[in-house]
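Participant: the following comprises the amino acid sequence and a computationally predicted model.
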Amino acid sequence: MSDYKCFFCNKVISAENIKRRVRCIYCGSKIIFKSRSTATKVKAR
């Protein structure tokens, strides 16, 4: 399972906590994202 991060307080939230409630358990924010393990490069055309 992967971990998620809160957009506002930048704390790591486990996937188990996301299943129960879609809010940050630390600050209550609804904006949570999944951090990528590697950088993605995009080429402009």
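Facilitator: Done, it's in.

Participant: so where is the protein shaky, pLDDT-wise?
Facilitator: Applying pLDDT under 70 to the chain flags residues 1, 36-37.

Participant: show me where it has helices.
Facilitator: Per DSSP state H, the chain carries helices over the ranges 15-20.

Participant: strands of that one, start to end?
Facilitator: 4-6, 12-13, 32-34 (DSSP state E).

Participant: what packs against the first one?
Facilitator: The reference is to strand 4-6. Here strand 4-6 touches strand 12-13, strand 32-34, going by 3 or more C-beta pairs under 8 Å, 6 or more residues apart in numbering; DSSP states H and E. Glycine gets a C-beta too; all of them are placed from N, C-alpha and C.

Participant: and the strands of the chain: which comes nearest Ala44?
Facilitator: The minimum distance between Ala44 and the strands of the chain falls on strand 32-34, with 23.7 Å, by C-beta to C-beta.

Participant: re earlier: got TSV for the helices and strands packed on strand 4-6, with distance to Lys5 too?
Facilitator: Converted to TSV, those look like this (distance: least, C-beta to C-beta, whole Å):
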stretch	distance to Lys5
strand 12-13	6
strand 32-34	6
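
Participant: before we move on, the earlier item: deepest-packed of the strands of the chain, please.
Facilitator: Comparing the strands of the chain by mean neighbour count (mean count of other C-beta atoms under 10 Å), strand 4-6 ranks first with a mean of 18.
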